[in-house]
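S.K.: let's see this in three dimensions:
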Amino acid sequence: MTGEGFSYQELERYAKDLRKELTLVEGVARVELWGVQPKVIYLEASETQLSQLGISDKSIVATMQQQNMVVDAGSVDVQQKRVRIAPTGEFNTPEDIADLQIHPSLIDSLQTIERGQPLQTSDELIRIRDIGTVSRGYAEPPPTMMRLDGKPALTIYMTNIAGANIVDVGLNVDARMAELEAELPVGLEIHRVHWMSDVVADSVNGFFVNLAQAVIIVLVVLALAMGWRMGSLIGIDLVLTIFGTFIVMAIMGIDLQRMSVGALVIALGRMVDNSIVVAEGFVVRREQGMDKIKAAIESAGSPAMPLLGATVVAVMAFYPIGGSKESTGEYCLSLFTVVGIALMVSWFVSMTLTPIKCLDMLPDPKPREEGYDPFGSRFYKIFRGLLEKAIRFRLLFIAVMVGLLVASFMGFAYVEQLFFPSSSMSKFMVDYYAPQGTRIQTVAEDIKLLEEKFLADERVDNVASFIGSGPPRFYLPVEPESMNPAYAQLIVNTHDFREIDGLIKDMTPWIAENYPDSMIPMRKFDVGPGQTWQFQYRISGPAIADIEVLRDLGEQVLEILREDPRSGAMQLDWRQPVPRIVPVYNQERARFAGVVREDLANATKRAYDGRPIGLYREDDELLPIILRHVEDERASLVSFDVLQVQPGLSTDTIPVAQIVDGVDMEWEETRMWRRDRRRTVTVQANTVLGVTLPTLMKEVRAKVEALEMPPGYTGEWGGTTEDSEKSQKALAPGLVPTFAVILFILDDLNLSHVIDYFI
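M.R.: Presented below is the predicted three-dimensional model:
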C-alpha cells in the first residue's frame, strides 16, 4: 500500500482496516503487516537544563509511573446501582505528558534524610514542558523500512488455511479487495508484489495447455502413421488415463502443485505406449485372419505381463528421487508418486478399455492374399537383416554397445548438473549488502539510485524494496535474510521472465561501477529448495578458537574463489568487524563519586538513543516514552567527555571524564556464528550468471580441500553444496530396489534368479 500525500500514520491506519477485512475472507488464515514503524513519545531535553534544575532521570521516571499508573479506586453503591470510581489524571494525549508537574524539593527528600538534615518543603513546581519538548514520533533508527517504486509503503501479506485451494483463495481475496479499494480515499493505492494464486493458476493452466498439445501431437502422429481411427483411439485412452490419475490423486490427497503437475507432463509420453502395443497387436492379428473377439483378447492378454513389467520398470526409474531421505525426496515425493499412478492407470486402461474400443472403432482389415505377411514390407526386411547381423556378430555388437555406454558416462562430465532449475516467475531478487555497521537510513538513501535505474528500464514493471531485513516469506524455497540494518533486498518484477537474464547481465557492470563499496548479488528464484548462497564452506575451530585464525582461513578460501572467473559475489558470514566506543570505566574513582556502571550506561543511552522512562496508552497500544537529548547534542561525539552522569538519586552530576580513564575505539564482531557449539565461519559465494554450482565446484574443490588447517580446526562443505552431495548419495540406496524390480521382471518373474544376481 502506498499513499501519495498521506502521512505514515494514516497509511498504517488504512492498512490495519484492510487487515481486519481480509482476515474475514474465506480461506484466509492470517493477515499481517510488514514495515510498520514502532510509535514512541519523545521527551527531548537539554542536558544543561536538567543539570541546572537538579532533575534526575529516576525522579522523572518515578513521577510518571505514579501519575500514569492504573489504579483501583473501588466502587460505591448508589441506590440500586454499583458504580465504579475512576479518577482522572492519566495521560490521554501527549500534551498531558507535557503538563506533568515535578516537585524538585521532593526529589531530594531521600538524599536529605540520608544526610541527617531536616526535610524542607517548597511550593515550587516544574512542568515537563519547561524542561523539554514532548512529541509523537517513530523509533529511531527504524527496525525496517519498505518502499515501492521509491515511495514509502506498507506490506500486507497473508496466508491460506491448510488444505485450501490457493487459486480459490486468491479469487476470494480479489473480489473482496475490489470492494475495499473502492472505499479507499483517492491517493491510496494497492500494488501486488507477489500473488501466489496467479502463479499456481498459470502453472496449472500451462499443464492443460501442454496436455492439449500432447493429445493433438499424438493424434496427428498416429493418424499419419496408422490412420485417424487409431489416432482417435489412442487419444481417448490418453484422456481417460489422465482423468483416472486425477481420481486416484484426489483419493490419496495429492494436490495439483508444481511437482505433481510436472510429473503428469513427464508421464504424458509414456501414457500411450501400452495402448499403442495393444491396438497394434489387434490390427496385426486381424490382418492375419484371426477372429475379432479372439484378436481383442489376445492383443491384451498376450503382452499383459511384459507390458506390466515395462511399466513398473519405468515407474521404478523415479523411485530414487522419491525415496531420498534428503530435502530432494521430501520436495519431489509427489513426482515419483504421480508418475507411478499415471503409468499404472495407463496399463489398466490398455488392458481393459483399449481392446473393447478396438472392436468398435477399428475397421475390419481389407482382404489379403493367402499367406500375406504383415512384416514383409521393405522396412521390416531391412530391420530383420540388421538384427540377424547383430546376432551373428554378437560379441562385436556387445563390445560396441559397451563402448558407447562408457563414452556416454564420460560425456556426462561435460553436461551441466542442475537438479532444480530456475523458476519461470517474472521476478528476481537483488540483495544489497552495505559494509557491516552501516546505518539503515544510509542504506535506504543509497539504494534510491538503484531503484531509479531499474524503474527506468522498460523491462521492469515495479520494484519493491525491503530495508533492514528480508521480505515476508512469500515463496517457500527462499528463506528471508534475518534483520540487519546494513542489508536490503529488492524484488524486481518484470513483464516477462525471459527478460531477466538480459536485465541482470546489463545491470552487473553498472552496479560494479556505481556501488564499489557494497556487495549486490542478483539471483533468480529456484523451483526447488534454494538458499541465498550456493557455495558454502564451513571452517570450525575449538570452543575458544582464535577469531583471527578463522578469519584468515576464510580469506584463503575467498582468495581461491576470486581467482576463478566463474565465481560471483562472495563473503564470510561473519561480515566485517564494526567499531565500538569504549569508555574505560575506573572503578576506584567511580566508587568515590557514588557512580555505578548502570549510571554511566543510563547517561550515554539517554544522550543518544534515548532512555525509556514510561508508557503511554493509546487505544490498544502501549507507546514507550523516550527521554533523550536535543538533536544538536545527539548529533556529535565532541561533548562525550563532558556528558553529565547522575549518581543514583543525587541531583549533583559529574562529567564522564571524571569516572573513566579515557574513551577508546575498538573493533568487535557483531555476527559471530557457532555450529555444534564451536566457533564457525562460513565462506559464502554464488556463481556468475549461466554457471552452475557443480561446474564451479569441479574447479575449486581440490584447491579448497588442500588448505592446511591448524590443529583443532576443520573444514566441511555446507548449505546447498552439502545438500546437493547428500541428495546424490541418497539416490544410490534407491537404486537397489529399482534394480531388484528390473531383474525380477527381466528374469520371467523368477525370484530365485534375482537372488542369484545379488549373490
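S.K.: residue 539: what secondary structure?
M.R.: Per DSSP: H, G, I helix; E, B strand; the rest coil, the secondary structure class of residue 539 is strand.
S.K.: that one: neighbour count?
M.R.: By other CB atoms under 10 Å, 25 other residues sit near residue 539. Any C-beta I mention is one placed from the backbone N, CA and C, and that applies to glycine too.
S.K.: residues contacting it?
M.R.: Neighbouring residues of residue 539 by CB atoms under 8 Å, 6 or more residues apart in numbering: 550, 553, 554, 557, 680, 681, 682, 683, 709, 713, 714, 715.
S.K.: ok, of the residues you listed, which one's closest to residue 573?
M.R.: Checking the contacts of residue 539 against residue 573 by CB to CB gives residue 682 as the nearest, at 4.3 Å.
S.K.: residue contacts, the closest one?
M.R.: By CB under 8 Å, 6+ apart, residue 682 lies in contact with 536, 537, 538, 539, 554, 572, 573, 673, 718, 719.
S.K.: name the helix or strand for it, please.
M.R.: Taking DSSP states H and E as the criterion, residue 682 maps to strand 678-687.
S.K.: quick revisit: can I have the buried ones of the contacts of residue 682 as a ChimeraX selection?
M.R.: Buried residues among the contacts of residue 682 (16 or more other CB atoms under 10 Å), as a ChimeraX selection:
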select :536,537,538,539,554,572,573,718,719
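S.K.: what is the most widely separated pair among the contacts of residue 682?
M.R.: Largest separation among these by CB to CB: 554 and 719, giving 14.5 Å.
S.K.: break this protein into its domains for me.
M.R.: Domain assignment of the chain by automatic domain parsing yields the ranges 2-38+142-194, 198-366, 373-413, 423-532.
S.K.: and of those domains, who's closest to residue 85?
M.R.: Among these, the nearest to residue 85 by CB to CB is domain 2-38+142-194 (33.5 Å).
S.K.: what does the average pLDDT come to for the closest one?
M.R.: In this model, domain 2-38+142-194 carries a mean pLDDT of 91.
S.K.: what ranges do the strands span in the stretch 651-759 of the chain?
M.R.: Assigned by DSSP state E, counting those that start in this stretch, the stretch 651-759 of the chain shows strands spanning 654-655, 660-668, 674-675, 678-687, 714-717.
S.K.: go on, the stretch 1-150 of the chain?
M.R.: Ranges of strands in the stretch 1-150 of the chain, per DSSP E, counting those that start in this stretch, are 2-3, 28-34, 39-45, 75-78, 81-84, 101-102, 126-127, 132-138, 145-148.
S.K.: how about the ones you listed, which one is nearest residue 311?
M.R.: Closest among these, using CB to CB: strand 28-34, at 40.6 Å.
S.K.: quick check: which helices or strands does the closest one pack against?
M.R.: If contacts are counted by 3 or more CB pairs under 8 Å, 6 or more residues apart in numbering; DSSP states H and E, strand 28-34 sits against helix 8-23, strand 155-160, helix 166-183.
S.K.: just say which of these is most tucked in.
M.R.: Compared across these, strand 155-160 shows the largest average neighbour count, a mean of 19 (mean count of other CB atoms under 10 Å).
S.K.: flag the shaky bits of this protein, pLDDT-wise.
M.R.: Scanning the chain for pLDDT under 70 picks out 51, 54, 103-124, 326-327, 367-374, 416-419, 529-530, 648-651, 719-759.
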